[in-house]
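> Whatever this is, show me its structure:
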Amino acid sequence: MDTFNTPLPQETVGDYIKRLRVELKMSQNQLANAAGIHLHSLGKIERGITTRLSNKTRQGLARALSIPSEYLEAICNGSDLPQPFTSIKFCPKCWTPGTPTEPIWNNVRSLHCFMCGHELISHCLKCGKSVRTFQHSYCPYCGFYYKNTIAEIDSKKTLLKRKKSKTKKK
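I've put the predicted structure just below:
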């Protein structure tokens, strides 16, 4: 279990967001811009003045912090956390480097992309390490570029399928 992304017991939504922001070395301004919310709104959330988050704010913060929105929802509602996962998921075909992932990809039940049907990945296909942030468009452990990863694998799979079908026809 990834304890960095998981809310701590008795942690408020403001404390949780601030802890993640500080760990990611982001300023309040950077997080507010990435989440698409006003800087003053983020300040109120972190200070504990605002404890209920709108759907737009919750989704924006989850995307910017690379966490499931269900975590924020659970803290705000005082309910149990969903089954934790150790990394974020993305569709290597549809995701554009430098942009946040689609919120539905990080749903615990999502296994395939809702746009193209491709299997979602949550780890580097070269070294196997979990994807924990999209601060970079490449794996911070081995330097493998996430977008090229799937293009190379898909082209290899296609070539293998073609070779197999040609040998079966003969």
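> Could you tell me the model confidence score at L65?
Listed pLDDT for L65 reads 91.
> Same question for F4.
The model reports F4 with a pLDDT of 58.
> Same question for S87.
67.
> hang on, isn't C113 packed against K89?
No: with contact defined as Cβ atoms under 8 Å, C113 does not reach K89; the gap is 9.4 Å. C-beta here means a position set from N, CA and C on the backbone, and glycine is covered the same way.
> More neighbours: those two, which one.
Neighbour tally, C113 and K89, criterion other Cβ atoms under 10 Å: the higher count belongs to K89, 23 against 20.
> follow-up on the earlier one: find residues that contact each of C113 and K89.
Here C113 and K89 share the contacting residues W105, L120, scored by Cβ atoms under 8 Å, 6 or more residues apart in numbering.
> Following the record's annotation, map out the domains of this structure.
Listed by automatic domain parsing, the domain ranges of the chain are 13-77, 103-169.
> residues in contact with T96?
T96 neighbours (Cβ under 8 Å, 6+ apart): none.
> Show me the shaky parts of the chain.
Residue ranges of the chain with pLDDT under 70: 1-4, 80-87, 135, 148-170.
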